[in-house]
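J.: below is the structure, and that's it, no one-letter string:
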Ligand SMILES: [Zn+2]
């Protein structure tokens, strides 16, 4: 990826400092849905994405809002704030807008075709300086462009890496250096997908097996490595969504838990800690083991265990962004 270019010496640090001074939290208030041609999402937070060279997996840092397949639909600022950054021609995000809000949380709008006319003079002068096709980050000071909630900030598109036109939307918490699941804020404005939550397959120490309710599964390793293939599948067979929470109980105690409400920025390219072999943007093998405990992994007894019970009553509960649950009970027995 090309190095970031900054127009003159606009200071993002100054912008951040001002945001911190402004203080009080405004999140969980009223929001405007960034794309209003549809109330549907097409991807969820934390889903598997492959790196561009397919060498590793990463996490989806936001949600995808449907534009019903259209380009050039209005994109609205979700909350008041100021224009913080603009990315032009980013490899993944295409053209993207960052708006900083009073609580140090930025909203991000990706794959845009066009920016608001208000911002064009700055963008055009940067293009003259650096070239039209170049990737550029343009940072702004808080005084330059105040943004109202619901203001049209650009038009949707399919720039960068996108399989179809849509609006990629993120919340990034600058203070904690973490991405936040936007569903936590926008849930009431969106329509849950007509989809079923399923646990499709299980892999035990690499052996792919059918999921059988109350079934007994055998292992011979010291501590079994369990992976489940689960997703929220659209009834039309089109969409496939990642899940929000997976909790693995062993003998009624929480043994392992993955929870996608926040992902630290430093973990974003580290999808392989959660996603097993064969995972991609529509096929999610979630590992219920890892050598570290870092969000989105919030409970991990696996890494500290020296031996696993010879016979264990197990339960896996999967939850999606909309509160739907799927429970699977089974037994693990040592061979
Ligand atoms: Zn996206």
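T.: On my side now, so go ahead. What you see is a predicted model; the values in this text were computed from it and never measured.
J.: the closest residue to residue 114 other than its chain neighbours and residue 97: what is the separation?
T.: Excluding the flanking residues, the one nearest residue 114 by CB to CB, 6 or more residues apart in numbering is residue 155, at 4.2 Å. Placement of C-beta: from N, CA and C, glycine included. Per CB to CB, to the nearest Å, residue 155 is found 11 Å from residue 97.
J.: surely residue 173 meets residue 184?
T.: No. Taking contacts as CB atoms under 8 Å, residue 173 lies outside contact range of residue 184: 11.2 Å.
J.: okay, and the beta partners of the residue nearest to residue 114?
T.: Beta-bridge pairing for residue 155 (DSSP bridges): residue 74, residue 114.
J.: wait, doesn't it sit right on residue 109?
T.: No. Using CB under 8 Å, residue 155 makes no contact with residue 109, being 10.4 Å away.
J.: more neighbours: the two, which one.
T.: More crowded of residue 155 and residue 109, by other CB atoms under 10 Å: residue 109, with 27 against 18.
J.: chain neighbours aside, what residue packs nearest to that one?
T.: Per CB to CB, 6+ apart, closest to residue 109 is residue 97, 4.8 Å.
J.: what is the burial count for the one you found?
T.: Count around residue 97 with other CB under 10 Å applied: 25.
J.: near the ion, which residues of this protein show up?
T.: 64, 168 (CB under 5 Å from the ion).
J.: got any ranges where the chain has weak pLDDT?
T.: 1-29, 237-238 (pLDDT under 70).
J.: in it, which spans are helices?
T.: 12-22, 120-130, 183-186 (DSSP state H).
J.: next, the residues that contact stretch 232-242 from outside, please.
T.: The set of residues external to stretch 232-242 that reach it, using CB atoms under 8 Å, 6 or more residues apart in numbering, is 41-48, 60, 193-198, 231, 243, 260, 282-284, 320-321, 324.
J.: try it again at 6 Å.
T.: 44, 46-47, 193-198, 231, 282, 284, 320 (CB atoms under 6 Å, 6 or more residues apart in numbering).
J.: do the same with stretch 39-51
T.: 57-60, 63-64, 66, 166, 181, 190-191, 241-242, 260, 271, 275, 279-281, 284, 321.
J.: how far away is residue 149 from residue 107?
T.: 10 Å.
J.: looking at those two, which has the bigger crowd around it?
T.: The neighbour comparison of residue 149 against residue 107 (other CB under 10 Å) goes to residue 107, with 25 against 17.
J.: does that one really touch residue 76, like I thought?
T.: No. Judged on CB atoms under 6 Å, residue 107 makes no contact with residue 76 at a distance of 10.4 Å.
J.: can you give me the neighbour number for residue 145?
T.: Residue 145 has 19 neighbours, counted by other CB under 10 Å.
J.: show me the contacts for it.
T.: residue 83 are the contacts of residue 145 under CB under 6 Å, 6+ apart.
J.: specify the beta-bridge partners of the residue in the stretch 1-150 of the chain that the ion sits nearest to.
T.: Closest to the ion within the stretch 1-150 of the chain is residue 64: 4.2 Å, counting by CB to the ion. Beta bridges link residue 64 to residue 43, residue 168, judged by DSSP bridges.
J.: my guess is it meets residue 165, correct?
T.: No. Under the criterion of CB under 6 Å, residue 64 is not in contact with residue 165, lying 10.3 Å apart.
J.: who's more crowded, these two?
T.: It is residue 64, of residue 64 and residue 165, that has more neighbours when counted by other CB under 10 Å, with 25 against 19.
J.: could you chop the chain up by domain?
T.: With domains defined by automatic domain parsing, the chain comprises 12-189, 195-334.
J.: what number of residues lie near the residue of the stretch 101-250 of the chain found nearest the ion?
T.: Distances between the stretch 101-250 of the chain and the ion by CB to the ion are smallest at residue 168, namely 3.4 Å. The burial count assigned to residue 168 is 26, neighbours taken as other CB under 10 Å.
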